[in-house]
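> Fold the following, please.
(2 chains, ligands or ions: 2)
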Amino acid sequence: MTKVTINLTVNGKAVAAQVEPRWPLAEFLRDHLRLTGTHVGCDSSQCGACTVHVDGVAMRSCTLFAVQADGCDVKTIEGISSGNALHPMQKAFHENHALQCGFCTPGMIMSALDLVRREGYELSEETIRHNLEGNICRCTGYYNIVKAVAAGARAMRAGAAT
Amino acid sequence: MYVGQSLPRPEDFRFLTGRGNFVDDIKPPNCVYLAFLRSPHAHAKIVRIDPKAALACSGVLRILTAEDWTKAGLGKLVCVHPMPFTDGRPMREVLRPVLASGEVHHVGDVVAAVVAETRYQALDALEAIDVEYAPLPAAVKTGSAIDDGAPIVHEQFGTNQINEITRGDKTATAAAFAKAAHTVAMTLTSNRLAGSPLEPRSYVADYSPQTDQCTLWATTQVPHMLRRWICKYALFISEHKLRVISPDVGGGFGQKVNFCVEISTVVWMARELKRPVKWTSTRMDALLSDTQARDHVSKAEMAFDNDGKILGLKVDTIAALGAYLSNFAPSIPGNSYPQTITGLYQTPALDLRVRCVYTNTVPIDAYRGSGRPEATWVNERLLENGAREIGIDVVEMRKRNLLKPSQFPYKTPVGRTYDSGNPPLLLEKLVALAKYQELRAEQKRLREKGVLMGIGIAAFLDKSGTGPSKQLSTRGGLHGGFESATVRVHSDGKVTLYSGSHSHGQGHSITFAAIAADRLGVPVEDVTVMQGDTDTVPYGNGTWGSRSASVGGSAIYRASEKIMVKATRLAAHLLEADVGEIIYENGLFSVRGKNLSISFAEVADAAYHGARYPDDPGFEPGLEVTIFYDPPDLNDPEAMHLAVVEVDRGTGRVTVKQYFTVDDMGTIINPMIVEGQVQGGLAQGIGQAMMEHVIYDDEGQLLSATFMDYAIPRASDMPALKSDYICTPAPSNPLGVKGGSETGTIGPPAAIGNAIVDALWHLGVRRIELPFTPHSVWQALRAAGA
Ligand code: FES
Ligand code: FES
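Ligands and ions are numbered 1, 2, ... in the order given. Modelled structure (predicted):
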């Protein structure tokens, strides 16, 4: 299949690549850029494991083609924190035991950050549960994820204030 | 003491930052890709396979069919846990071929495989393979699989019946029923589930012709067993020539225990092509080929005296095992299910018959709970309907029937002995936790306002810690029940544990480190846990059946004890004292009454570098112990759940408002992790109760082949939850721990089902079908004329 050239920014770095038009963005990120933190759990926009930010908005990279990200600014879980430091949301997941196998975790965190962007730092349990409907976790039963997202959002406000 | 503390997990960091190492993340250079052609028919003869056009597709390296497999002289999958007829006849066993040979037996059965340079090329070539099928009638429904005239899945047997297991005493049960004041009868179906860990299965194999050594990265819960199965049954190669690495695994729940049909082809092709080979399941592949679970139809009856005491239980179950026998499949309805069918009650007489059957569906095998949810669904639905028929409150009904602590160890009518427990205390805690009396008052108030609220309970036991090897072998099991551990103390006193268990989310690294750190008197941060590599870990039986804490943990405990015996001997020698004079505290060996001491790290250093060893015969340098620990018994976690629901009469929609759990898991090593296991199990149990359902149409077409059709609980589906624990330590292991991760899946179908019937009893509803979708509940209301 003939390839198409795309130019985009991934985690702050300019990327130019030749892609097949049928490659999902998730596959491009994982197989070609080797950013394997973005996971694929369902290939059909149901589980949210593949959630990344495209131009600041959470999107499912399993059903978005890489060519659709041409000219976009893409952020993946690998771009959330640097070195050994954890982002407050990541830290909240750790402190609240909000992950078991860790497979859904990157997508959960990307969705949680998008939720904070949309709804602010003070999130009710109901808001969190409703907004995480697009992310499946098969391990935790969600209780600790809900706690972590609330705590992470509050910690982000503290961080934003300083 | 670290045991008992909620210590955080060291592995979190890599998952949180996207640096986990899952199998699909592995991409060796020069890797080629496999794709599998799956049958579109539930049952058909394969008339012809023409790979010509596919071979001409670009990038294609191989097209494989059963013929190639047979020509290569290779073997089949294996069923490692057979269940013969109770009268001794062997079960009717059909082992699964790696590529369907002559006939396909379920939609998704593997017909051919393509190896190509890229995944897309492999997928493109699949479409070019021309297969002609001659469709045959399919046996799809479990309940009618052994009816006269049912289509036969495997012609050679002339029947779909695999075996017949009977337990209990038929005559005594008939007598108990004859004198009963009340009986309750029901047909109960346990819905078929797809375990669906979020990470799809994935395998990468890499072969080195120089060393004739192959490495397989696999999403598995049982690296050593998998190595054995591939080598011994499928590919006929020496086990030491295959290294199985199970890196980070994205959930297993029993489903990743199994010897899957695709995996041997991956290893075979890596050896043939001398290039790395990779296959990753799509979600549709997973729903068409991952082993599924449950799928029982039971006719059941319970007899009571005038006071509501159980006199007898009669159960006749048909259990689907799908198109082929998967590894452990027969033992789930044949062993786990009977062992827990009478639950926590004194049931004086039991008449149980289980018939396992073939159907033209995906093979069944283990999935969190395995047999216990099916058993609890039967036992607990009968008990609560009995209570309501007789007019006894469901808590009071249980008080009259529960086993008393003094009755443990308790021999059930199935022949199994429960190790320990305190069911009345569990009930007491549950009633207090849920504020049961207040709930009943609330129910009354709401009923007056026309709101249909219901309260339901499930009391049950799990069966964990498989489990004496001897017991398995007497049943014909082809695997052990022990666990291995190596405790390696390095010369600086730091420790590496190698465990034959395998964590795929359960947090073994901190749990096992805590056990060793306590025994060795070292900081928990100094202990690193290694798992999931057959080249570095001694032979282990892996993680399933809630066995890791009690069996794997005990192995570490015992090995650590041995380390301390040796370290103490060496310390005594170095301090020129008798072993009896040595006190070990806070990482220091000291001599009683003297101002002499030496640290654990110094002793470790001397063990390797000191050369001042004691003269005791047999004293060896080094500080490392490997043991294989075979538990003397299983253990019996027990639990009770209470569900509060509201039912919308118009639509049949059920909302689970509140949920309460009380667990007895013996000693709890890490409360944070155990609570996570309770909650996670609960989501899966609520999934079975409320929405999960693998559906085949009458022709055997799978209708639930994506996550759009196979519903899994989301954050908003989970009820408010309160949990509590009691502790009766397991007598059979040194830690006193019991299994802690399956009770969540066991209770919900029965507890929620009972709550729905409670809400609708006054409208005449007596029966309710899993899963409790609005459609199901609405049907129940209609059937009752309400
Ligand atoms: S993989 Fe994209 S939503 Fe599931
Ligand atoms: S932690 Fe395993 S899927 Fe969420």
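> Tell me, how many residues neighbour the one residue in chain A that gets nearest to chain B?
Closest residue of chain A to chain B, CB to the nearest CB: residue A:37 (1.9 Å). Heads up, the C-betas are built off the backbone N, CA and C, glycines and all. Residue A:37 has 26 neighbours, counted by other CB atoms under 10 Å in any protein chain shown.
> Is there proximity between the top helix by length along chain A and ligand 2?
When every helix of chain A is counted residue by residue (DSSP state H), the longest turns out to be helix A:143-161. No - no part of helix A:143-161 sits near ligand 2 under the criterion CB under 6 Å from any ligand atom; the closest distance found is 7.7 Å.
> same question for that helix, mean pLDDT?
The average pLDDT for helix A:143-161 rounds to 94.
> Wondering if that helix reaches chain B at all.
Yes - against chain B, helix A:143-161 shows contacts by CB under 8 Å from any CB of the partner chain at A:143-146.
> returning to that earlier point: hang on, isn't the residue of chain A closest to chain B packed against residue A:80?
No - the pair formed by residue A:37 and residue A:80 falls short of the contact definition of CB atoms under 8 Å, at 9.1 Å.
> For the residue positioned nearest the centre of chain A, which non-adjacent residue is spatially closest?
Nearest to the geometric centre of chain A sits residue A:110, at 2.8 Å (CA atoms, centre = their mean). Setting aside the residues directly before and after it, residue A:110 is nearest to residue A:51 in space (CB to CB, 6 or more residues apart in numbering or on different chains), at 4.2 Å.
> And for residue B:39?
Of all residues beyond its chain neighbours, the one nearest residue B:39 is residue B:104 (3.7 Å), with distances taken as CB to CB, 6+ apart.
> right, and residue B:501 touches residue B:532 too?
No - checked against CB under 8 Å, the pair residue B:501 and residue B:532 is beyond contact range at 9.2 Å.
> how close does residue B:39 get to residue B:244?
Distance of residue B:39 to residue B:244, given as CB to CB, to the nearest Å: 28 Å.
> quick one: which of those two has more around it?
Legend: neighbour count by other CB under 10 Å for residue B:39 and residue B:244, higher for residue B:244 (28 against 23).
> is ligand 1 contacted by the helix or strand containing the residue nearest to the centre of chain A?
Residue A:110 is part of helix A:105-119 when elements are defined by DSSP states H and E. No - in this structure, helix A:105-119 remains apart from ligand 1 according to CB under 6 Å from any ligand atom; the gap is never smaller than 7.5 Å.
> ok, now which ones touch the residue in chain B positioned nearest to chain A?
Closest to chain A within chain B is residue B:18: 1.9 Å, counting by CB to the nearest CB. By CB atoms under 8 Å, 6 or more residues apart in numbering or on different chains, residue B:18 lies in contact with A:35-38, A:76-78, A:80, A:106.
> Need the max-distance pair from the residues you listed.
With distances taken as CB to CB, the most widely separated pair in the contacts of residue B:18 is A:36 and A:80, at 14.7 Å.
> Close to ligand 1: what parts of chain A are there?
When proximity is defined by CB under 6 Å from any ligand atom, chain A lies next to ligand 1 at A:40-43, A:45-50, A:60, A:62.
> Just give me the closest of the residues you listed to residue B:547.
For those, the closest approach to residue B:547 (CB to CB) belongs to residue A:41, at 26.9 Å.
> Which positions within the worst-scoring helix or strand of chain A on mean pLDDT qualify as buried?
Comparing helices and strands within chain A by mean pLDDT, DSSP states H and E singles out helix A:143-161 as the least confident, with a mean of 94. Within helix A:143-161, the residues that qualify as buried by neighbour count (16 or more other CB atoms under 10 Å in any protein chain shown) are A:143-156.
> residues making contact with it?
Outside of helix A:143-161, the residues within contact range by CB under 8 Å, 6+ apart are A:88-93, A:95-98, A:108, A:112, A:115-116, A:120-123, A:125, A:128-129, A:132, A:137, B:676, B:679, B:715, B:718, B:721.
> Which members of these are classed as buried?
A:88-93, A:95-98, A:108, A:112, A:115-116, A:121, A:123, A:128-129, A:132, A:137, B:676, B:679, B:715, B:718, B:721.
> Inside strands: which ones of the residues you listed?
If you go by DSSP state E, the buried ones among the contacts of helix A:143-161 have residue B:721 in strands.
> Can you give me the domain boundaries for chain A?
According to automatic domain parsing, chain A comprises the domains A:4-79, A:88-161.
> okay, those, which one's buried deepest?
Each of those was given a mean neighbour count from mean count of other CB atoms under 10 Å in any protein chain shown, and the largest, a mean of 22, is that of domain A:88-161.
> What is the distance between stretch B:229-237 and the centre of its chain?
Using CA atoms, centre = their mean, to the nearest Å, the mean C-alpha position of stretch B:229-237 is found 24 Å from that of the whole chain.
> Residue ranges in chain A under the pLDDT threshold?
Counting by pLDDT under 70, chain A contains low-confidence ranges at A:162.
> make it 80
With pLDDT under 80 as the threshold, chain A has low-confidence stretches at A:1, A:161-162.
> hey, where'd the helices end up in it?
Listed in chain order, the helices of chain A (DSSP H) span residues A:25-27, A:88-95, A:105-119, A:125-131, A:143-161.
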